[in-house]
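*Asks:* attaching a predicted model along with its sequence, questions to come.
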Amino acid sequence: MKKIFAYIPLFLTAIACTNDDNYSWDNFVDKTATDTIRINIVYNGTSVNVTGDNYGFVTANGADVTVKSSTNSFLQLVLSGESNDGSLLIYSWRKNGVLLNGLNLTNTDGPAINNQCGKSFYVTSAEGTTNTLTDGTTYSTAPTNAKGDTIDQKATLFSEGQIYFNGTGTLNIYGNTKNAVASDDYVTILSSTINIKVDSTGSNGIKTNDGMFIKGGNLNIDVAAKGARGIKNDARTEISGGTTTIITRGACKIETIDGITDTTSCAGIKSDSLFTMTAGTLAITSHGDGGKGINCSENIELNGGSMTVKTEGDNKIGKPKAVKSDTGIILRGGNFHAECKKSWACDNGSDSDEPEDHLTIVGTPVSKTIGKRLVEVSF
């Protein structure tokens, strides 16, 4: 839920924390210094050093930092240093971002970074730096905002608004308890190297409500929790560049609620809407029982790029599928490899025993091999 906080004047609440789809990163980097407010926050164990805060936006309790911004300018927080018991909580009524400049931040009882604004949030890894975010092995009771509302704590890196990943450095994100990354809007990866690892006690690699867009960069996700997804997306998924590698290791998650038993299997990508790929490289391997490589509620469409999906788990509880769509698997271009040891490599909902009926090929590929457990098509 997107929230508007009490410290924001009432006449501004109509525009507070709203989405801004017209904003681009290029426009941001071209802005002059007067359009951007930069505040430097250096973590040092149980304390922080803050410079450039001429407006009194930043408060700190040890290494737990809270930023409350009401500026009309773009707010960029430059983060560096190290803390094993610190955090960053952001309230802002305008788009904002963090520049990670050699940061190693662990919050022992919650998210490392929590952005409570519904506008664009830019996460940039500075050139030549390696940055690490880690959440706690347990989460404390969620804090409240100025209105007394409990704020969301859904991931090591959480944002109420859209998240844009950018930069030329490296960002490592570890999820011990919940998701590694979560957005109540959408997630876009433009560049940088992002390594996500979720422990067996955690949840998904990336959880997003309104879309997942991979346009560049290097994304590596490894999740070990039962029933976890490398990417769990409640809307459409688009891959148009970059290199993405996803590994799931967990078994099926079995829950009984009100006498009803529900079984959830792992998936490299779980998308509740259209999945399209036009460029880039995608490699998914699922190791757990009943695991899926791609599990999509609508069409899976490959128009370009290279997709390799393998499921290596057993079928004792769930039915593993390499590429599964409720409506259709459509190949028009690129290179496609789907492999499943225990069930169908491709499943488009057809009851047919003929492998050719489980996908649709548009045009004439250079080569193709279509079987129950192995499908390879190259254009």
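*Replies:* Cool, the structure landed. Every value quoted in this text rests on a predicted model; they were computed, and no experiment measured them.

*Asks:* contact partners of the helix or strand harbouring residue 307?
*Replies:* Element membership of residue 307, judged by DSSP states H and E, is strand 306-311. Residues outside strand 306-311 that contact it (CB atoms under 8 Å, 6 or more residues apart in numbering): 268, 277, 280-286, 291-294, 320-323, 334-343. Yep, even glycine has a C-beta here, placed from its N, CA and C like the rest.

*Asks:* quick check: ChimeraX command selecting the buried ones in those.
*Replies:* Here is the ChimeraX command that selects the buried residues among the contacts of strand 306-311 (16 or more other CB atoms under 10 Å):
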select :268,277,280,281,282,283,284,285,286,291,292,293,294,320,321,322,323,334,335,336,337,338,339,340,342,343
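
*Asks:* next step: the contacts of strand 306-311 restricted to strands.
*Replies:* 268, 277, 280-286, 292-294, 321-323, 335-340 (DSSP state E).

*Asks:* who touches residue 101 in this structure?
*Replies:* 78, 79, 80, 126, 129, 131.

*Asks:* among those residues, which are in strands?
*Replies:* Using DSSP E, these in strands are 78, 79, 80, 131.

*Asks:* what's the local residue count around the nearest residue to residue 248 once chain neighbours are set aside?
*Replies:* Leaving aside its sequence neighbours, residue 248 sits nearest to residue 266 (CB to CB, 6 or more residues apart in numbering; 4.0 Å). Residue 266 sits with 34 neighbouring residues when counted by other CB atoms under 10 Å.

*Asks:* do you know the pLDDT at residue 137?
*Replies:* On the pLDDT scale, residue 137 is placed at 94.

*Asks:* likewise for the one 10 residues further on?
*Replies:* Each residue has a pLDDT score; the one for residue 147 is 72.

*Asks:* residue 259 now?
*Replies:* So, for residue 259, pLDDT stands at 84.

*Asks:* run a quick neighbour tally on it.
*Replies:* Neighbours around residue 259, by other CB under 10 Å: 5.

*Asks:* tell me the bridge partners for the most centrally placed residue in the chain.
*Replies:* The chain has residue 206 as the residue nearest its centroid, 2.9 Å off, counting by CA atoms, centre = their mean. Applying DSSP bridges to residue 206 gives these bridge partners: residue 181, residue 231.

*Asks:* show me what contacts it?
*Replies:* By CB under 8 Å, 6+ apart, the neighbours of residue 206 are 179, 180, 181, 182, 187, 196, 212, 221, 230, 231, 232, 233.

*Asks:* now, among these, which is nearest to residue 119?
*Replies:* Taking CB to CB as the measure, residue 119 sits nearest to residue 187 out of the contacts of residue 206, at 14.4 Å.

*Asks:* neighbours of that closest one, how many?
*Replies:* 25.

*Asks:* hang on, it packs against residue 194?
*Replies:* No. If you go by CB atoms under 8 Å, residue 187 and residue 194 don't touch, sitting 10.4 Å apart.

*Asks:* any residues in contact with both of these two?
*Replies:* residue 165.

*Asks:* could you list the low-pLDDT ranges of the stretch 101-250 of the chain?
*Replies:* 146 (pLDDT under 70).

*Asks:* tell me where it has strands.
*Replies:* All strands of the stretch 101-250 of the chain, identified by DSSP state E, counting those that start in this stretch, fall at 113-115, 121-125, 130-134, 155-159, 163-167, 170-175, 179-183, 187-189, 193-198, 206-208, 212-214, 218-223, 229-233, 237-248.

*Asks:* strand partners (parallel or antiparallel) of the first one?
*Replies:* Next to strand 113-115 in the sheet, as set by DSSP bridges, lie strand 86-92 (parallel), strand 155-159 (parallel).

*Asks:* out of those strands, which is the most enclosed?
*Replies:* Among the strands paired with strand 113-115, strand 155-159 has the highest mean neighbour count (mean count of other CB atoms under 10 Å), at a mean of 29.

*Asks:* can you show me the CA trace of that strand as PDB?
*Replies:* Only the C-alpha atoms of strand 155-159 are listed here, as PDB (Å, rounded to 0.1, in the frame of the first residue of the first chain):
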ATOM      1  CA  ALA A 155      12.500  -7.400   1.700                       C
ATOM      2  CA  THR A 156      16.100  -6.700   2.300                       C
ATOM      3  CA  LEU A 157      15.700  -3.900  -0.300                       C
ATOM      4  CA  PHE A 158      12.000  -2.700  -0.400                       C
ATOM      5  CA  SER A 159      10.300   0.200  -2.100                       C
END
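
*Asks:* the inter-axis angle of that strand versus strand 170-175?
*Replies:* Orientation note: strand 155-159 sits at an angle of 110 degrees relative to strand 170-175 (axes from the mean of the first three to the mean of the last three CA atoms, to 10 degrees).

*Asks:* who does the host helix or strand of residue 60 pair up with?
*Replies:* Secondary structure from DSSP H and E places residue 60 in strand 58-61. With DSSP bridges as the test, strand 58-61 is paired with strand 63-69 (antiparallel).

*Asks:* and the average pLDDT for the partner strand is what?
*Replies:* 96.

*Asks:* how far off centre is that strand?
*Replies:* Centroid separation for strand 63-69 versus its chain: 23 Å, with CA atoms, centre = their mean, to the nearest Å.

*Asks:* when you give positions from now on, start the count at 46
*Replies:* Understood, numbering begins at 46; the last thing we discussed is strand 108-114.

*Asks:* out of the strands paired with strand 158-160, which is closest to residue 155?
*Replies:* That would be strand 131-137 among these, by CB to CB, at 6.4 Å.
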